[in-house]
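K.L.:
fold the following.
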Amino acid sequence: MTRTSADSPEAIPVPGVQKVAVPADREGQRLDNFLATRLKGVPKSLIYRLLRTGQVRVNGKRAKPDQRLVAGDEVRLPPVRTAERDTAAPPPEQAERVEATIIHEDRDFLVIDKPSGVASHGGSGVSFGAIELLRAARPRDTLELVHRLDRDTSGVLVLARRRSALTALQTEIREGRVSKHYLALLEGRLPQARLTVDAPLRKSVLQGGERMVRVDPDGKPSRSHLRQVEQYADATFTQIALETGRTHQIRVHCAHIGHPLAGDEKYGSREFNRRMREAGLRRLFLHAARFEFSIGERSYGFSAPLPDALREVLDRLS
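P.N.:
Sure thing, here's the model as predicted:
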């Protein structure tokens, strides 16, 4: 049997195309998450490549990763299987490190204070993200990501332990009934203590697979509310509340108004980042501090304090 080498963990083609009907309990699920469930062990990077090249289709049509499925949709699954290397278990010490960040768990949800540098899920060159590590640490649990945080963003990340909880909370997110607050350090002084950035965002994928987002009139509606918390000589510590949850929304919105995030190597200011490194910053200064929602009669509120490494940067700027 032919196997891929350790340097080339591609999926191995096998005969047969599957056409799968979306069951009722998967109504509203994102296509990429549905595929991750059906194509067990296949890396997310390959799933996104299959989508980009049109090998996955919904009702005979090309589809995007964030398309929401409807019960009865027919999904075409291409003939792939996982290379042996892709099914390797994550190192126990990594799983234990992420498990130690759990800040809440009940029968419906498990919530962590995700460290910066840990991806929400594997793929795009990342072998294991928070979801894979927690599944390894909690093999008896059924865990699904409710939402995502960028790899370099720390803070509250919510996972569902039951399918009903997942769909209920994702409905709240889609309907804009979830409150999400972030803490960020921005370049310069904001023109006013409170302001709203209302600028549509459009996502694209570069040739090398890197995701880039830009303000574009044809993009998706996106709105961020900024509130000054503390002013420094050439930076503003800011709380940001999101009405929408687009990819890189805070980073692009802040750069768009001329106040990029400290430590942002993709959308930020090279000179500002240099000054912040001198103040001890070694990461993106963006932290998901609060996540609130209600389901039925029950209200939830999860908080994660600003990491010491970021607090120390603020102390040096004072």
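
K.L.:
dihedrals phi and psi, the spatially most central residue of the chain?
P.N.:
Nearest residue to the geometric centre of the chain (C-alpha atoms, centre = their mean): Arg148, 2.5 Å. Main-chain torsions, Arg148, degrees, to the nearest 10: phi -130, psi 150.

K.L.:
wait, what's in contact with it?
P.N.:
Ser120, His121, Leu157 (C-beta atoms under 8 Å, 6 or more residues apart in numbering). In this view, the C-beta of every residue, glycine as well, is placed from N, C-alpha and C.

K.L.:
switch to 10 Å and redo it
P.N.:
Applying C-beta atoms under 10 Å, 6 or more residues apart in numbering to Arg148 gives the contacts Lys114, Ala119, Ser120, His121, Gly129, Ala130, Ile131, Leu157, Gly245, Thr247.

K.L.:
find the nearest non-adjacent residue to the third one, please.
P.N.:
With C-beta to C-beta, 6 or more residues apart in numbering as the criterion, Ser120 has its nearest non-adjacent residue at 4.2 Å, and that residue is Arg148.

K.L.:
need the pLDDT of that neighbour.
P.N.:
pLDDT, Arg148: 92.

K.L.:
what number of residues lie near the residue lying closest to Pro307 once chain neighbours are set aside?
P.N.:
Of all residues not flanking Pro307 in the chain, Ser154 sits nearest, at 5.7 Å (C-beta to C-beta, 6+ apart). Neighbours of Ser154 under the rule other C-beta atoms under 10 Å: 27.

K.L.:
now Ser154: how far from Arg298?
P.N.:
26 Å (C-beta to C-beta, to the nearest Å).

K.L.:
wait, is Leu314 part of a helix?
P.N.:
Yes - counting by DSSP: H, G, I helix; E, B strand; the rest coil, Leu314 is part of a helix.

K.L.:
distance check, it against Tyr300.
P.N.:
Distance of Leu314 to Tyr300, computed by C-beta to C-beta: 28 Å.

K.L.:
what residues are up against the closest residue to Glu132 other than its chain neighbours?
P.N.:
The shortest distance from Glu132 to any non-neighbouring residue, by C-beta to C-beta, 6+ apart, is to Gly122 (5.2 Å). Applying C-beta under 10 Å, 6+ apart, we find Gly122 in contact with Ala36, Pro43, Lys44, Ser45, Asp86, Pro90, Phe128, Gly129, Ala130, Ile131, Glu132, Leu133.
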